[in-house]
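In: generate coordinates for the sequence data below:
(chains A and B, ligands or ions: 2)
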Amino acid sequence: MAAELGSRAMFVAGGTDLFPKLKRRQFEIDTVIGLDFLPREIHNGSNECTVDAGVTLADASRDAHVNARFKGYADAAGLVSSPPLRNAGTIGGNLCVDTRCNYYDMTYEWRKAAGFCMKKDGDICLVAPSSPRCWAVSSSDTAPMAIALDVMSLRLRATPEMRSAYVKLRRRGSIDFPIAGAAVAAQLDGDIVTSCRIVLSAVASYPLQATAAEAFLKGKRLDGEAIDQAAELAARPAKPLDNADLTHFWRKRMVRVVVEQALHRISDQGAGFDG
Amino acid sequence: MRDRPHPPLRGDLPGERGGENLKVVGRPLPRVDAAAKVTGRAMYADDLLPARTLHCRILRSPHPHARILSIDTSAARRIPGVVAVITGSDLPIKFGILPVTQDERALEHEKVRYVGDPIAAVAATDEEIAAAACDAIAVEYEVLEPVMSINAALGVPKDERIQDYGGPNNVHKFVALEFGEVEGVFERADHVREDVFFFQGNTHLPMEQHSAVATYIDGKVTLWSSTQVVHYVHRALAKVLELPMHRIRVIGAAHGGGFGGKTDPFAHEIIVAKLAMMTGRPVKCTLTREEVFYAHRGRHPVLMWVRTGVTRDGQITAMHFRTALDGGAYGSYGVASTFYTGALQTVTYDIPAYRFEGCRVFTNKPPCGPKRGHGTPQPRFALELHLEKIAHDLGIDPVELKRRNFVKPDTRTVNWLRVTSCGLEECTEKVMVASRFRERKKQAGHGMGFAISSYLSGAGTAIYWNDMPHSEVQIKVDRGGVTAYCGAMDIGQGSDSVLATIVAEELGLQPADVRLVTADTDTTPIDLGSYSSRVTFMAGNAALEAARKMRALLVEAVEAGGHRFEDVTFEEASILAEARFGTLATAGSYTPPKIAGPYKGSGVGPSPAYSYSACVVDLDADARTGLITVNKVWIAHDVGRAINPLLVEGQVEGSVYMGLGEALMEEQAFRKGLHKWPSMLEYKSPTFLDMPEVETFIVETIDPEGPYGAKEAGQGPLLPVPPAVCAALHDALGVWIDEIPVTPEKVVEALRRKEKGEPARYGPSAFPSIPYPPTIKVEPPPKDPSATAASI
Ligand SMILES: Cc1cc2nc3c(=O)[nH]c(=O)nc-3n(C[C@H](O)[C@H](O)[C@H](O)COP(=O)(O)OP(=O)(O)OC[C@H]3O[C@@H](n4cnc5c(N)ncnc54)[C@H](O)[C@@H]3O)c2cc1C
Ligand code: SF4
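Out: Numbering: from 1, shown residues only, chains lettered A, B, ... in the order given. Ligands and ions are numbered 1, 2, ... in the order given. Take a look at the predicted model:
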């Protein structure tokens, strides 16, 4: 059906991202194809766990197994928006959530008044007018965590040494998309980092992997000093623009803070599955 | 004019009977409309859908400032399902809430003044068709340079001015008054301090979007609307539609929140009425959330300069206060707002000499107007912080300094405002003790701040000059029970419950026993509406008079039958009375006493009574991120008497919530003439999780003129919250944020400046030079508070 209808149709799971966008005429389609028929379970194996795309964010955030082994993932799911949206919104939908920009996530009439931008109906970027590309921000909470955990087809795999943490900065205690976020998954041998992934949310058009910080931490003891330096390195490539909440100067400064907090959480978790 | 409006009938004024004798007044009973509202059964305007209803959408300007060269609606008219299309030439008559600023049109056909200004309207068989038709209307504009700031509005306009009336350039209104002589006093003062503050504009954000439905049957327009002021909507409809008032009926539907945002007559109300007249079918318009941001009439952005002279021990000797208000594109309540930015400073602090200069400018933004606290939270913010700084200069505890200057009950201020009951001392003591403010430990990153405020219990003058009562109530009693009729509109503040409680108290019933018919211009007597915290005081007094008259009839009939009133049921009493007197109907009304001072402009500020609040905020502030967590708020409010303490607490907590939102995040911001974020996701207001614990104390000073001694509770408690937040932040981090909202970036920047040895503050650097006219010098009133003045 999707193939037949092509770009005039879109899938809908919880609809929490898609429907507001349809109302704002950001997608112009005739048909939505419901994904209700897809399985929506969390399959728990001994060292891994597969989350069906249709699982709601609320269920994923509350699942005892996911919480015990993939704390960062459960936290990321539990920090999306607000309770009603987590009850409807799905893991699959969250991975696919569209990039955001406050020059774009507005009604049709507003966008028309502002002048359409290249993301839809126009040809320039209103944030960076000389730029050939769109700088809308990747704002999914679970996508960076999934990347940090090196997820394959939503299969989360863990070793006993693996720890994960997700820290999200937002203006209010609920509803808001991240304005900076850090997803960290790390393997530790004692307090030595054997491998580590740090992925940032809301600072680029895609979940931004902080490779320099990852390389720096490998083989290091995860103490305050290492955390400081890693956070500094992680924040460097982040280039927030003036298209999300609060000023981009401040958001840039905050990247360091969220990375630090996430790494401290990793270090505080202690070894084992129940951190 | 009667000073105590309703002399007690049979000598049994409840205040004199003693509070303990009251049966329902003072009890925390549930609201009479609670079940309907929480179960969703209340009928809001948007719930109404009469048969054959047409849906209306409004085409709005995409430009902040432009001349309209042509409007072509022909393509829109051809769309199947479109029944009518109208433009400004169908509704050319101007209207506006204040008689002096009749500057709005329901649809503009000559010039647009902000993004969102209405241009054309479509009635169609469904909303999508109406929206598509709006899209098909072709408008040709000559785009003009927009004016987007106070400074720009004070300068010479590049193209042309926004409105063709007012002061020079884009000035709308000047006020310049001086009470006593300030300059000499400044020279003699031990210490003089000047500060500049800015309070950013913000909006009401009611849960319910504005909505209106109109029918036209038998030559009569009926409009159901989500409005705070059925009477003023009635007047505006009559004017613009050129219909006599008796051919128009305005009914206030169940209300989902106003906060001042539904206190003007609005374009969509006039448009649906016109479309109903043209099509003969019901027409409905519910604004989108984006349109609600454009309808606005919210908090004015205000730039303020204040200069105060004090003695060595902190006694205020003179004050000079200047304000500049960014009014947006139209007048709305702006003239009153301008006066309000200078009126109530004197109602909390005894200021022997006072000079006020205010200026409102037009800008190409949605019009500002009254929001909870109308024109007074901004100067209150400035005043409280300014005094806080003076206390620091003098090395006096700020609470002590403020206290030394508190006004006393039963006095008249230098600007002729009459203060009767005043619980400032009691309120301050309550929050000081409960918060253990004086015992707080100095600890970096943690702080506590204190502030006070006052607000009106209804404006002493009506919006249009007249000598009629401001509120009227009729009561009917028959075998079927009691019904009270009043034009007042319950906007969620609980005015229906207050009316029912007062009538019930007098007649020996429970509030739930009283049927209410409210806010319907055909069936209810006039009440001016829900604004300026006037309903409990004014409609309450009217209800009290009507109920006491009814009680007198019932008592007389019962006693004539040889019984005691206390020994018969209400039904028995009403049968005896109906048999004796025939139809049982009584009426009561309330006209505020004439207490305005003898000068032009004295109509804004006087109120029959002022409420008082004191508040302490406790917060943590992170020096690295600038993020603030408010831990707790203690607030005491002098409400005169709590007719229902549950409702008072609700109003106080709601005010604290709104005050915190304004203090920390809410902001009506613009980018290139466009509202930056007309959406509930991007315009930040606090969620449940951002709301701290609030401990509320109700202080009862039993006002001599309020019903049972009651005063207002709906607005005043918002005012001390923003300055208390900033005082607490200074306590925590040693920096002043002289600008609302206090965002984390501003905190970080102020700390950076502090570190560099610059002044440890963030806020406006200077106040513009404004060509205020010469001040009108007003002789202060005689010290005797009972001396009344001639009216203006
Ligand atoms: C007010 C508000 C606040 C929000 N706050 C946050 C937030 O803080 N953090 C955050 O991450 N998100 C937030 N969101 C976005 C959204 O709610 C979540 O991302 C949610 O997880 C989306 O899931 P959904 O099932 O509702 O997706 P849908 O809206 O149903 O779909 C989203 C997109 O994914 C596609 N899609 C969905 N499922 C599949 C699938 N199985 N296979 C292929 N494509 C698929 C759809 O076609 C669509 O393009 C917010 C949204 C709103 C309206
Ligand atoms: S970043 Fe530029 S192109 Fe992308 S959505 Fe924003 S304004 Fe449009």
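In: in what helix or strand does residue 268 lie?
Out: Defaulting to chain A. Assessed by DSSP states H and E, A:Asp268 sits inside helix A:248-269.
In: oops, I was thinking of chain B
Out: Short version, using DSSP H and E: B:His268 is in helix B:267-279.
In: ok, back up a step: from the middle of its chain, how far away would the helix holding A:Asp268 be?
Out: Its chain's C-alpha centre and that of helix A:248-269 lie 15 Å apart, by CA atoms, centre = their mean, to the nearest Å.
In: stretch B:296-308 too?
Out: 15 Å.
In: next: stretch B:473-486.
Out: That offset, for stretch B:473-486, works out to 30 Å (CA atoms, centre = their mean).
In: same deal with stretch B:713-728?
Out: Counting by CA atoms, centre = their mean, stretch B:713-728 comes out at 15 Å from the chain centroid.
In: quick check: end-to-end length of it?
Out: This stretch, stretch B:713-728, spans 24 Å end to end (CA to CA, to the nearest Å).
In: so for it, mean pLDDT?
Out: For stretch B:713-728, mean pLDDT is 98.
In: list the buried residues in it.
Out: Neighbour-count burial for stretch B:713-728, with 16 or more other CB atoms under 10 Å in any protein chain shown as criterion, is recorded at B:713-728. Any C-beta I mention is one placed from the backbone N, CA and C, and that applies to glycine too.
In: returning to that earlier point: quick one: the helix holding A:Asp268 near chain B?
Out: Yes - against chain B, helix A:248-269 shows contacts by CB under 8 Å from any CB of the partner chain at A:249-250, A:253-254, A:257.
In: near chain A, which residues of chain B show up?
Out: Checking chain B against chain A by CB under 8 Å from any CB, the hits are B:60, B:62-63, B:115, B:288, B:290, B:624-626, B:665, B:672, B:674-679, B:681-682, B:684, B:686-690, B:743-745, B:748.
In: quick one, domains of the chain?
Out: I'll assume chain A. A:38-100+A:137-268, A:101-136 (automatic domain parsing).
In: wait, I meant chain B there
Out: B:52-144+B:207-257+B:262-295, B:302-415+B:423-461+B:598-778, B:468-590.
In: in the stretch 151-275 of chain A, what residue lies closest to chain B?
Out: A:Gly173 (2.7 Å; CB to the nearest CB).
In: who's in contact with that residue?
Out: In this structure, A:Gly173 makes contact with B:687-690, judged by CB atoms under 8 Å, 6 or more residues apart in numbering or on different chains.
In: now swap in B:Gly257 and tell me
Out: Here B:Gly257 is in contact with B:204, B:206-208, B:491-492 (criterion: CB under 8 Å, 6+ apart).
In: report the buried members of those residues.
Out: B:204, B:206, B:208, B:491-492.
In: still on that earlier bit, quick one: closest of the domains of chain A to B:Asp164.
Out: Closest approach to B:Asp164 among the domains of chain A (CB to CB): domain A:101-136, 24.8 Å.
In: what are the buried residues along the closest one?
Out: A:101-111, A:113-114, A:116-120, A:125-127, A:134-136.
In: next: stretch B:187-206.
Out: Quick answer for stretch B:187-206 (16+ other CB under 10 Å): B:189, B:192-193, B:195-206.
In: what about those residues, which are in helices?
Out: Judged by DSSP state H, the subset of those located in helices is empty.
In: now do the same for B:Asp784: its pLDDT.
Out: 62.
In: got it, and the one 3 residues further on?
Out: Per-residue confidence (pLDDT) for B:Ala787: 53.
In: can you check B:Gly11 too?
Out: 34.
In: show me the contacts for A:Thr16.
Out: A:81, A:85, A:88-89, A:93.
In: quick one: which two of these are the most distant?
Out: Farthest pair in the contacts of A:Thr16, by CB to CB: A:Ser81 and A:Gly93, 11.5 Å.
In: the two - which one has more neighbours?
Out: A:Gly93 (25 against 20; other CB atoms under 10 Å in any protein chain shown).
In: quick check: which ranges of the stretch 151-275 of chain A have low pLDDT?
Out: The stretch 151-275 of chain A contains residues with pLDDT under 70 at A:270-275.
In: for B:Glu194, name its beta-bridge partners.
Out: B:Arg307 (DSSP bridges).
In: elements contacting the helix or strand hosting B:Val433?
Out: When elements are assigned from DSSP H and E, B:Val433 belongs to helix B:424-435. Here helix B:424-435 touches helix B:398-405, strand B:446-456, strand B:610-621, strand B:628-638, strand B:693-699, going by 3 or more CB pairs under 8 Å, 6 or more residues apart in numbering or on different chains; DSSP states H and E.
In: quick one, the helix or strand following the last one and helix B:424-435 angle?
Out: Per DSSP H and E, strand B:693-699 leads on to helix B:721-733 as the next helix or strand towards the C-terminus. Between the direction of helix B:721-733 and that of helix B:424-435, the angle (axes from the mean of the first three to the mean of the last three CA atoms, to 10 degrees) works out to 40 degrees.
In: and helix B:721-733, what does it pack onto?
Out: helix B:377-394, strand B:446-456, strand B:610-621, strand B:628-638, helix B:645-664, strand B:736-737, helix B:744-755.
In: how far does that helix sit from the chain's center?
Out: 25 Å.
In: next, the angle from that helix to helix B:377-394.
Out: 30 degrees.
In: all strands for chain A, in order.
Out: Here chain A has its strands, by DSSP state E, at A:9-12, A:31-34, A:42-44, A:48-51, A:155-157, A:162-169, A:180-189, A:192-201, A:208-209.
In: of all the ones you listed, which one is nearest ligand 1?
Out: strand A:9-12 (3.8 Å; CB to the nearest ligand atom).
In: can you pull the buried residues of that closest one?
Out: Applying 16+ other CB under 10 Å to strand A:9-12 flags A:9-10, A:12 as buried.
In: out of the domains of chain B, which comes closest to A:Ala204?
Out: domain B:302-415+B:423-461+B:598-778 (20.0 Å).
In: so which of the domains of chain B is nearest ligand 2?
Out: domain B:302-415+B:423-461+B:598-778 (11.6 Å).
In: and that closest one, how far apart are its ends?
Out: 25 Å.
In: quickly check: it near ligand 2 or not.
Out: No - on the criterion CB under 6 Å from any ligand atom, domain B:302-415+B:423-461+B:598-778 is out of touch with ligand 2, staying 11.6 Å away.
In: close to ligand 1, is that domain?
Out: Yes - Domain B:302-415+B:423-461+B:598-778 lies within reach of ligand 1 by CB under 6 Å from any ligand atom, at B:Leu681.
In: save the residues of helix A:248-269 next to chain B as CSV, and put in neighbour count too.
Out: Putting these into CSV (neighbours: other CB atoms under 10 Å in any protein chain shown) gives the following:
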residue, neighbour count
A:Phe249, 13
A:Trp250, 21
A:Arg253, 20
A:Met254, 27
A:Val257, 19
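In: what about stretch B:333-349, average pLDDT?
Out: Averaged across stretch B:333-349, pLDDT comes to 98.
In: to which secondary structure element is B:Phe174 assigned?
Out: Judged by DSSP H and E, B:Phe174 forms part of strand B:171-179.
In: now that strand: average pLDDT?
Out: 98.
In: also stretch B:138-146?
Out: 98.
In: and it, what's buried?
Out: Buried-residue list, stretch B:138-146, by 16+ other CB under 10 Å: B:139, B:141, B:144, B:146.
In: export the residues you listed to a markdown table and tack on distance to ligand 2?
Out: Below are the buried residues of stretch B:138-146 laid out as a markdown table (distance: CB to the nearest ligand atom, whole Å):
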| residue | distance to ligand 2 |
| --- | --- |
| B:Val139 | 25 |
| B:Tyr141 | 23 |
| B:Leu144 | 25 |
| B:Pro146 | 21 |
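In: could you provide those residues in TSV, with additional columns for secondary structure and distance to B:Val283?
Out: What follows is those, written out as TSV (DSSP: H, G, I helix; E, B strand; the rest coil; distance: CB to CB, whole Å):
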residue	secondary structure	distance to B:Val283
B:Val139	strand	22
B:Tyr141	strand	27
B:Leu144	coil	32
B:Pro146	coil	32
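In: widest-spaced pair of these?
Out: B:Val139 and B:Pro146 (17.1 Å).
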